[in-house]
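> Sharing a model that was predicted from the sequence below.
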Amino acid sequence: MNLFFCILFSIFQISYAHMGHDKELKSIPRLTDASIFQLNSTWKNQKGESIKLPDLRGKPRLLIMLYTKCETSCPLIVEDLKQISRELNSKEIEVSLFSFDSARETPKSLLDFADKRKLPSDWTLFTSDANAVAELAAALGVRYKHLQNGDYIHSNVIFFINDQGEIVTQKEGLKTSSADFIKKIKQTLKTSDELKKSSK
Amino acid sequence: MKNLTITLFLIFSPEVFAVEVGLPQEIYVPVFRDPGEKDLIVGPLFVDTVPVTNLEFLSFLKKYPQFQKSKIPSLFADSNYLSRWPNDLTFAKGESRFPVTEVSWFIANRYCEAQGKRLPTIAEWEVASDAQSPELESKILDWYGRPGAKLRNVGKGSPNKFGLKDMHGLIWEWVANFSESIMSGDSRGGSPTDSMFCGGAALKAKDPRLYAAFMRFAFRSSLTAKYTSNNLGFRCVKDKKEGVK
């Protein structure tokens, strides 16, 4: 008898969950064809909170992939990112760092890195499993290689993606000029502002 | 009668065409090494005997309509995706046992996942293909030298030493970690590719016969995850768990 109620209750729960889900789907327009938020992977941030990639929808974003035990190029790319973020000086743009290191990265190692590198408190760092990393890197066109000593060789790219998760522009390599990258981002933000105003 | 034939074909096809071959544990010796890169142990594995065919891919598309050519988002495949197929659920006439090609890494990945399998890694593919064996070298180079060779039914080639067919001479194949092949040296100091291209002695590799391995390295480094091409297909592998025959 207990079992019967248990099953009945589960059925209710499942159908209830489905109802909620349907409602959610209706209110949000479909993701665009090129949106990286079509990847539905789950990540953990430096506070230990779980998020799904599509949860990041709605804000324009600077995005990089790195790993926090990296001693060579990663500190450089992070400094680069700080500089760009300062120059843009926009409250609207979020900043996200995704780790390659599915084997060793934890919310704590992300938090330690944020402290050590004095990252602004509103930046978010994420870690997930090897599949999620591989798919995100593939979608962004980031190449990487995991070496047996735990290090990663990887391309150094800073992406700017719009609120729908489409790549708008990217800056490749270290020590390259940011001027064009920043110009393009400012243009994009301006255009989307104008669009918003005209639709009101 | 025709329906019956097709039904029988579908019933028996997994046994006849999609059988797997057991690959024992082997050591993979990378031809082009990054600093700190060591030999790798691969296997034991089950490897698909032949590449995935159009017919097998069709049943996947029926189950996962979101990957049909009219519905595929541009994030997952370029505009050439399945362009040999006249429409969503029809492959070109007479090509049921041709290897499926014009499939991106994303979709090849999802296909294998749906079978409870995965794409092989570079190391696994290199070992399974027996590509570094001297006897195969000239055959492989001969095929690389004939771009645009025509597709045909899978399984016609002679099996290699593991019993695998069509590892060379029919199509190129996706590997899980293709993006590990990085040609430009910009993200790393002293990469093997620096010495590969600097000066007249282009290849640091000791053996000029490793040219074929270099071709595969170069090909993989030119790929992106949504790329598709007429001569690029895939096969899947499955880990062989301890104690399971």
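Looks like it came in fine.

> Just name the shakiest helix or strand of chain B by mean pLDDT.
One helix or strand of chain B scores below all others by mean pLDDT, DSSP states H and E: helix B:192-197, with a mean of 41.

> and the next element down the chain from that one?
Per DSSP states H and E, the first helix or strand lying C-terminal to helix B:192-197 is helix B:211-221.

> And the contacts of that following helix?
B:31-32, B:122, B:126, B:131-132, B:137, B:140-141, B:144, B:172, B:175, B:178, B:180-183, B:196, B:203, B:205 (Cβ atoms under 8 Å, 6 or more residues apart in numbering or on different chains). Just so you know, the C-beta spots here come from the backbone N, C-alpha and C atoms, and that holds for glycine as well.

> Recalculate using a threshold of 7 Å.
Contacts to helix B:211-221, defined as Cβ atoms under 7 Å, 6 or more residues apart in numbering or on different chains, come from residues B:31-32, B:131-132, B:137, B:140-141, B:144, B:172, B:175, B:178, B:181-183, B:203, B:205.

> Please list which of these are also close to chain A.
residue B:182 (Cβ under 7 Å from any Cβ of the partner chain).

> right, and the pair among the contacts of helix B:211-221 with maximum separation?
Across these, the longest distance by Cβ to Cβ is 25.0 Å; it joins B:137 and B:182.

> for whatever residue of chain A ends up closest to chain B, helix, strand, or coil?
Using Cβ to the nearest Cβ, the closest approach of chain A to chain B is made by residue A:138 at 3.4 Å. The three-state label for residue A:138, taken from DSSP: H, G, I helix; E, B strand; the rest coil, comes out as helix.

> Residue A:158 too?
Classified using three-state DSSP, residue A:158 is strand.

> try residue A:131
helix.

> what does the one 3 residues further on give?
When the structure is reduced to helix, strand and coil (three-state DSSP), residue A:134 reads as helix.

> separation between it and residue A:127?
From residue A:134 across to residue A:127, the span is 14 Å (Cβ to Cβ, to the nearest Å).

> Please say which of those two ends up with more neighbours.
residue A:127 (24 against 20; other Cβ atoms under 10 Å in any protein chain shown).

> which non-adjacent residue is nearest the more buried one?
Leaving out its chain neighbours, the residue that sits closest to residue A:127 by Cβ to Cβ, 6 or more residues apart in numbering or on different chains is residue A:105, at 3.9 Å.

> which residues sit in contact with that neighbour?
With contact set as Cβ under 7 Å, 6+ apart, residue A:105 has these partners: A:67-68, A:99, A:127.

> Of those residues, which belong to strands?
Secondary structure defined by DSSP state E assigns A:99, A:127 of those to strands.

> now the contacts of residue A:105: which count as buried?
A:67-68, A:99, A:127 (16 or more other Cβ atoms under 10 Å in any protein chain shown).

> Can I get stretch A:115-135 in PDB, CA atoms only?
C-alpha atoms of stretch A:115-135 as PDB (Å, rounded to 0.1, in the frame of the first residue of the first chain):
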ATOM      1  CA  ASP A 115      41.500  35.800  -4.700                       C
ATOM      2  CA  LYS A 116      45.000  35.400  -5.900                       C
ATOM      3  CA  ARG A 117      44.500  37.200  -9.100                       C
ATOM      4  CA  LYS A 118      42.300  39.900  -7.400                       C
ATOM      5  CA  LEU A 119      39.400  39.300  -9.800                       C
ATOM      6  CA  PRO A 120      36.400  41.700  -9.500                       C
ATOM      7  CA  SER A 121      33.800  40.100  -7.200                       C
ATOM      8  CA  ASP A 122      31.100  40.000 -10.000                       C
ATOM      9  CA  TRP A 123      33.200  37.800 -12.200                       C
ATOM     10  CA  THR A 124      32.200  34.100 -12.400                       C
ATOM     11  CA  LEU A 125      34.400  31.100 -12.700                       C
ATOM     12  CA  PHE A 126      33.100  27.700 -13.800                       C
ATOM     13  CA  THR A 127      34.100  24.100 -13.800                       C
ATOM     14  CA  SER A 128      32.500  20.900 -15.200                       C
ATOM     15  CA  ASP A 129      33.200  17.400 -16.500                       C
ATOM     16  CA  ALA A 130      35.400  16.500 -19.500                       C
ATOM     17  CA  ASN A 131      32.500  16.200 -21.900                       C
ATOM     18  CA  ALA A 132      31.000  19.600 -21.000                       C
ATOM     19  CA  VAL A 133      34.500  21.200 -21.500                       C
ATOM     20  CA  ALA A 134      35.000  19.400 -24.800                       C
ATOM     21  CA  GLU A 135      31.600  20.600 -26.200                       C
END
